[in-house]
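Enquirer: structure here, sequence nowhere to be found:
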């Protein structure tokens, strides 16, 4: 039997971080996305323990400002796509500059140097991942998804989705529906 769940990645991550910091006896305040302020210092041993424990969950402790800013940029983009009810009406460049307190040119150049992809391509890839999740959730039409993610039309969304995945959103939706039907019939067989 399959269970479908919904979770808030931001809340989950904060809870996980807090649990691990408490275990190590570190008191801190989460000051922003991807940032925490330790009330007391941290020993090298505690730093290594924290890094090791968090790595198991896919969380990396960053030791330099550049890596930190690139990660904050990624986190801000993901937060924008997942937590906002609708993408901000302003340009993404303005949104990122405002959230990160750096000029977009600086953020963009740094991001490209470190990740070897542009912010624009990263956003497109993340938007397509978000579209997949919204299709799987099956709560919105393609037009509503396009509007939510600031596509000019559902045709534009479909074109970009196919360019990245090789499938149209409708094809992807049919595959998901077929998998659910197959899993449902397999679950029924298991119950009998």
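Expert: Right, received. Where do you want to start? Being a predicted model, the structure only gives us computed values, none of them experimental. Residues are numbered from 1 along each chain as shown.

Enquirer: list the residues that contact the residue positioned nearest the centre of the chain.
Expert: Closest residue to the average C-alpha location of the chain: residue 78 at 3.8 Å, with C-alpha atoms, centre = their mean. Going by C-beta atoms under 8 Å, 6 or more residues apart in numbering, residue 78 touches 9, 126. The C-beta positions use only the backbone N, C-alpha and C, and glycine is treated the same way.

Enquirer: now swap in residue 83 and tell me
Expert: By C-beta under 8 Å, 6+ apart, the neighbours of residue 83 are 8, 10.

Enquirer: ok, residue 21 next?
Expert: Per C-beta under 8 Å, 6+ apart, neighbours of residue 21: 27, 28, 36, 50.

Enquirer: please enumerate the helices of the chain.
Expert: Using DSSP state H, the helices of the chain run over residues 9-23, 44-55, 65-83, 92-100, 104-115, 119-137, 142-148, 154-165, 169-191.

Enquirer: for residue 3, find the nearest of those.
Expert: helix 169-191 (10.8 Å; C-beta to C-beta).

Enquirer: where does the protein have low pLDDT?
Expert: Within the chain, the segments meeting pLDDT under 70 span 1, 31-35, 62-63, 84, 89, 185-192.

Enquirer: swap in 90 and give it another go.
Expert: By pLDDT under 90, the low-scoring segments of the chain are 1-69, 71, 78-92, 95, 114-115, 148, 150, 180-192.

Enquirer: the closest residue to residue 51 other than its chain neighbours: neighbour count?
Expert: If you skip the residues right next to it in sequence, residue 51 has residue 61 as its closest partner in space, 4.6 Å away by C-beta to C-beta, 6 or more residues apart in numbering. By other C-beta atoms under 10 Å, the residues close to residue 61 number 14.

Enquirer: buried residues, stretch 46-62. List them.
Expert: For stretch 46-62, burial by neighbour count (16 or more other C-beta atoms under 10 Å) applies to 46, 49, 50, 53, 54.
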